[in-house]
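Q: One predicted model, sequence on top.
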Amino acid sequence: MGVRTPVDHLLLTIFILCGLTRLARFNVTVSVLPKDATGKSRYFEGTPIPTSLALVFTMAYWVSQGWVLDNIPLGTALTGTAFEFHPIAGLFLIHGCLMVSKSIHIPKP
């Protein structure tokens, strides 16, 4: 897609680490979460991993529109500096933070 600066790599790495942390925390804390009558947890702490598909669908749409490389929405920030990055990479950082949030409780269906 073109999100290739060192800061972009850092933000995307944090997203991956948040996903790994989310899965590990789920496995460790599932026994202490409140249960319903069937014995299943009543809610997810943080957003579930499959919600990341929204980012995949967004990127697929951008590719279909040709919004890649130099045409990525919102362009770059701090262009020409060592801290140059694509603001769109911030979506991944925000989503990663939502996945590991302890205060967000999403009811299970």
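A: Great, that's in hand.
Q: Glu45: neighbouring residues, count only.
A: 20 (other Cβ atoms under 10 Å). Just so you know, the C-beta spots here come from the backbone N, C-alpha and C atoms, and that holds for glycine as well.
Q: Contact partners for it?
A: Going by Cβ atoms under 8 Å, 6 or more residues apart in numbering, Glu45 touches Arg25, Phe26, Thr29, Leu33, Ser101, Lys102, Ile104, His105.
Q: pull the helix or strand with minimum mean pLDDT from the protein.
A: strand 43-45 (a mean of 87; mean pLDDT, DSSP states H and E).
Q: in its sheet, what does that one sit against?
A: strand 105-107 (antiparallel) (DSSP bridges).
Q: residues near Ser41, how many?
A: If you count neighbours by other Cβ under 10 Å, Ser41 ends up with 17.
Q: do Phe26 as well
A: 17.
Q: Enumerate the positions of the strand or helix carrying it that are buried.
A: For Phe26, the element it lies in under DSSP states H and E is helix 6-29. Neighbour-count burial for helix 6-29, counted by 16 or more other Cβ atoms under 10 Å, picks out Val7, Asp8, Leu11, Leu12, Phe15, Cys18, Gly19, Arg22, Phe26.
Q: Mind giving me the packing neighbours of that helix?
A: strand 43-45, helix 89-99 (3 or more Cβ pairs under 8 Å, 6 or more residues apart in numbering; DSSP states H and E).
Q: Touching it from outside, list them.
A: Here helix 6-29 has contacts from 3, 44-46, 49, 52, 82-86, 89-90, 92-93, 95-97, 99-100, using Cβ under 8 Å, 6+ apart.
Q: same question, stretch 68-81
A: Counting by Cβ under 8 Å, 6+ apart, Met1, Gly2, Val3, Thr5, Trp62, Trp67, Glu84, Phe85, His86, Pro87, Ile88 sit against stretch 68-81.
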